[in-house]
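Undergrad: what's the 3D shape of this:
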Amino acid sequence: MNKKWYQELLLIADFMPPGPENYEKYDVEKQVKAIKDLGFNSQHIEAFDISNGDTGIAFFETKYALEQKRDLFKDYCKQYKELGGNAIVYFNVHWLAENLCEARPDWYQRNKDGNKLNAGYGSGGTVCVNSPYRDWAFKIIKDLAKYEIKGIFLDGPGFNHKGCFCESCLSKFEKEYGFRYSADNLKNRDVFLKMKEFKRKSIIRFLKEAKSALNEINPDAIIFINSPQIGPTANGKNNNETIEWQDALLAEGGFFYSDLRSWSIWKSAATAKLLETQAQGKPAIVAMAGRWGPWSYYLLPPAEMWITYAQALSNGANIWFGIYDANRDDKRMNTVKEINNFAMSNANYFSGTESVSKTALVWSFKNADFYQATFDFEDFSGEVNNVDSKAKSDAGKAFNGWYEVLTRSHKLFDVIDDYYLENKDLSKYELIILPNIACIGQKEAVNLGQYVKNGGNIISTFDTACFDEYGEKRHDNILKDLFGTASNEGVEELAYDHVEVEKSQFTCDLEQPIIPAPYLHVKVKPASGVETVMHYREKQASRYCELPTKTEYPFLIHNKSDTVGSGSSVLFTGNIDAAYDMYRIPEYYNIMKNAVELVTSRDICIEGDITSLDVNVRKKNENYIIHLINHTSYNGRPINSVIPLKDVKISVRMDKKPENIKALRKNMDLEYIYDKGFVTVKVPEIDEYEIVVANIK
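TA: Predicted coordinates for the structure are as follows:
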């Protein structure tokens, strides 16, 4: 069966245009040719002037805009028809400029006091999808659909977490639920949950009607929105619910701001892994900004561009790349051209591949919404930090801690979510890691219990399953039998305390007899018949006092008893993962890595254990595609250039002996050895990115 155009590798450019005063003389042909020359095969084309939000000034033929200027779309479609490629409309449906807010005061979201909710860009307001704006937007979509476009990207829609209290929302909510919400009654959990449900349903209604409007005029055109990445769902969007009405799933996993040292270098990869889980076989797209925010005209260094691209591509995702048109002739764009040309010349190895991972790391949106966590800055919400309880850990840092350990120890893994735990078959995985997944519902608990009973393994940390799916503290841990805990005496803060090391399979490479305790731990007592490893010492009176005595509270509980079935559970009673993300304590890395190794098979071995090399393996048919991303540098982020790795010896588990192995970027065949199910090959040099393909037949 022939693939549709959007099922092939997509490299989408969005060169944000100049201010409205320059549109009239804008050279469309020159821009499109520049985009094609840089190796992109698709383009997002702005429908309106959006330099300070949507001004209502249109650059296509419509009678519904505040003002219509030159018809740029006619020129764009002509160029793409002649040159090839895909013209996709960019339609901003979340940010109104001040002039449009003044002209249409019933279109924007309002806070509890009835005032305009400002956009996160310095001016303007946020669109309300329940307002009369929706009818205007659908008319605009129908006019856009009359052009020879391939699809529409809706930037948004979404709700501000402080709203919306506009009359349209209040009246629609009352019609559906029989009463109006208010700042006061939203303190009631049932009302708050109905409000969250209302937001999700509102987004779905808007998307469904937008898709209908588009396909009524242009049946073959696709539609997709700016979807959530790893973070909360306060904006009302849930990828698992909206995917039915989207033809692709895009999220801004490659947007970076301010101090890059504070950002996870794996952000693009983590986003791609999550989107693949949620996309239901549809294309996943990681949006990356070639600019370094908030300085919108300042481009990222070359190595940062390579790494961000590579992390998305190596996990089966496509690319959206955005800069301002003023930067298109910058010499740093030669790096983008090099990457695009490499990707397109090897497109067969990027599209239609599948993960071979047998380990899953969980990201829970319930946890993000109802527990507490810090999240990366994003355009829609800014920087979110709802960590306000000292007795709770940071779920975002817990996830990042495990991501760091798994990647640096070269463990292949997927990212799955709480929806997956509830609704999908878990049996494909040897191991599921629950990083401080405090909020777990009944269905998730039942499925995890059955998974372990049937031979699966879980690793959990801190207060996993101590709360219900809505963040209410449980009287007893719903997974206590699985964990092998007898009682829970609450959470204890440990500012400068210690854990006594004991010899075990988990601590085989630890040298010091005492290690720092995580800054939080749950004081649990183990059930009979389980293995305990290491114990906390009593809290110290001061940093300089003598070490106090050992307590009865274990650092780790390993439950492999008959009561849980043929699988096993490892519970770290402290927030080792969040603490590792913060402090990089070497022993934490070793213990976490050892726990993974003990319950999973090893698929990759690298001589010298180069932790700055990100390795991912995917399959297409019977062929293995080994992605190698080099993060080695002298000064950390931003990475201007990497230190090339020489003669990297890597062994990868494969079902059959390959006929040949080739390094794509170096364009050379590699010698290899196949022994006992492993292929061992030496890669002469790895710059930022290399792909090694093992052709089975």
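Undergrad: what distance separates stretch 168-188 from the centre of its chain?
TA: 32 Å (C-alpha atoms, centre = their mean, to the nearest Å).
Undergrad: Quick check: end-to-end length of stretch 535-542?
TA: 19 Å (C-alpha to C-alpha, to the nearest Å).
Undergrad: Please enumerate the strands of the stretch 351-500 of the chain.
TA: For the stretch 351-500 of the chain, the strands defined by DSSP state E, counting those that start in this stretch occupy 354-355, 359-363, 374-378, 382-385, 414-417, 431-434, 457-461, 485-493, 498-500.
Undergrad: Show me which residues of whichever helix or strand comes after the last one are buried.
TA: Read that as strand 498-500. Counting by DSSP states H and E, the next helix or strand C-terminal to strand 498-500 is strand 514-516. For strand 514-516, a neighbour-count test (16 or more other C-beta atoms under 10 Å) marks 515-516 as buried. The way it works is simple: take the backbone N, C-alpha and C, and place the C-beta from them, glycine included.
Undergrad: got it, and stretch 339-349?
TA: Neighbour-count burial for stretch 339-349 [16+ other C-beta under 10 Å]: 339-340, 342-343, 346, 349.
Undergrad: mind checking pLDDT for the residue lying farthest from the centre of the chain?
TA: Going by C-alpha atoms, centre = their mean, the residue of the chain most distant from its centre is residue 546, 44.7 Å out. pLDDT recorded at residue 546 is 91.
Undergrad: Tell me how far it lies from residue 538.
TA: 11 Å (C-beta to C-beta, to the nearest Å).
Undergrad: what's the answer for residue 515, then?
TA: In terms of C-beta to C-beta, residue 515 sits 16 Å off from residue 538.
Undergrad: And residue 22, by the same measure?
TA: Applying C-beta to C-beta to residue 22 and residue 538 gives a distance of 70 Å.
Undergrad: who's more crowded, the two?
TA: Shown here are residue 22 and residue 538; by other C-beta atoms under 10 Å, residue 538 has more neighbours (13 against 10).
Undergrad: I'd guessed that one sits against residue 548; true?
TA: Yes. Contact criterion C-beta atoms under 8 Å: residue 538 and residue 548 qualify, at 3.7 Å.
Undergrad: For residue 318, list each beta-bridge partner.
TA: residue 285 (DSSP bridges).
Undergrad: now do residue 89
TA: residue 45, residue 152.
Undergrad: If you tally nearby residues, what's the number for it?
TA: Other residues near residue 89 number 26, with proximity taken as other C-beta under 10 Å.
Undergrad: give the contact list for it.
TA: Neighbour list for residue 89: 44-45, 47, 73, 144, 147, 149, 151-153 [criterion: C-beta atoms under 8 Å, 6 or more residues apart in numbering].
Undergrad: The residue farthest from the centre of the chain and residue 519, how far apart?
TA: 21 Å.
Undergrad: before we move on, what about residue 262?
TA: Distance from residue 262 to residue 519, by C-beta to C-beta: 19 Å.
Undergrad: got it, and residue 299?
TA: In terms of C-beta to C-beta, residue 299 sits 39 Å off from residue 519.
Undergrad: pLDDT weak spots in the stretch 251-400 of the chain?
TA: Applying pLDDT under 70 to the stretch 251-400 of the chain flags residues 375-386.
Undergrad: residue boundaries of the helices in it?
TA: With DSSP state H, counting those that start in this stretch as the criterion, the stretch 251-400 of the chain has helices at 267-278, 302-313, 333-345, 365-370, 395-408.
Undergrad: Reformat those helices as JSON lines; add distance to residue 256.
TA: Conversion of the helices of the stretch 251-400 of the chain to JSON lines gives the following (distance: least, C-beta to C-beta, whole Å):
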{"stretch": "helix 267-278", "distance to residue 256": "8"}
{"stretch": "helix 302-313", "distance to residue 256": "8"}
{"stretch": "helix 333-345", "distance to residue 256": "16"}
{"stretch": "helix 365-370", "distance to residue 256": "20"}
{"stretch": "helix 395-408", "distance to residue 256": "15"}
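Undergrad: Which one, of those, ends up nearest to residue 457?
TA: Smallest distance to residue 457 across those (C-beta to C-beta): 14.4 Å, for helix 395-408.
Undergrad: from the chain's centre, how far out does that closest one sit?
TA: With C-alpha atoms, centre = their mean, you get 13 Å for helix 395-408.
Undergrad: What is it packed up against?
TA: Helix 395-408 is packed against strand 359-363, helix 365-370, strand 374-378, helix 576-583, helix 586-599, with contacts defined by 3 or more C-beta pairs under 8 Å, 6 or more residues apart in numbering; DSSP states H and E.
Undergrad: Swap in 6 Å and give it another go.
TA: Where contact means 3 or more C-beta pairs under 6 Å, 6 or more residues apart in numbering; DSSP states H and E, helix 395-408 is packed against helix 576-583, helix 586-599.
Undergrad: Export the longest one to PDB, keeping only CA atoms.
TA: Read it as helix 586-599. The C-alpha coordinates for helix 586-599 follow below in PDB (Å, rounded to 0.1, in the frame of the first residue of the first chain):
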ATOM      1  CA  PRO A 586      27.600   8.800  41.700                       C
ATOM      2  CA  GLU A 587      26.400   6.000  44.000                       C
ATOM      3  CA  TYR A 588      22.800   6.800  43.100                       C
ATOM      4  CA  TYR A 589      23.600   6.300  39.400                       C
ATOM      5  CA  ASN A 590      25.200   3.000  40.200                       C
ATOM      6  CA  ILE A 591      22.400   1.700  42.400                       C
ATOM      7  CA  MET A 592      19.700   2.700  39.900                       C
ATOM      8  CA  LYS A 593      21.600   1.200  37.000                       C
ATOM      9  CA  ASN A 594      22.200  -2.000  38.900                       C
ATOM     10  CA  ALA A 595      18.500  -2.300  39.800                       C
ATOM     11  CA  VAL A 596      17.600  -2.100  36.100                       C
ATOM     12  CA  GLU A 597      20.300  -4.500  35.000                       C
ATOM     13  CA  LEU A 598      19.200  -7.100  37.600                       C
ATOM     14  CA  VAL A 599      15.700  -7.500  36.000                       C
END
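Undergrad: dump the residue contacts of the closest residue to residue 330 other than its chain neighbours.
TA: The shortest distance from residue 330 to any non-neighbouring residue, by C-beta to C-beta, 6 or more residues apart in numbering, is to residue 299 (5.8 Å). Residues in contact with residue 299 (C-beta atoms under 6 Å, 6 or more residues apart in numbering) are 290-291, 327, 330, 332.
Undergrad: The closest residue in space to residue 455 that isn't next to it in sequence: helix or strand, and which one exactly?
TA: Distance criterion C-beta to C-beta, 6+ apart; nearest residue to residue 455, sequence neighbours excluded, is residue 566 at 4.4 Å. Assessed by DSSP H and E, residue 566 sits outside every helix and strand.
Undergrad: my guess is residue 566 contacts residue 456, does it?
TA: No. Using C-beta atoms under 6 Å, residue 566 is not in contact with residue 456; the gap is 8.8 Å.
Undergrad: So between these two, which is more surrounded?
TA: residue 456 (24 against 12).
Undergrad: Kindly provide the distance from that one to residue 330.
TA: 50 Å.
Undergrad: what residues are up against the residue nearest to residue 145 when sequence neighbours are not counted?
TA: Excluding the flanking residues, the one nearest residue 145 by C-beta to C-beta, 6+ apart is residue 217, at 3.6 Å. For residue 217, the contacting residues are 142, 145-146, by C-beta under 6 Å, 6+ apart.
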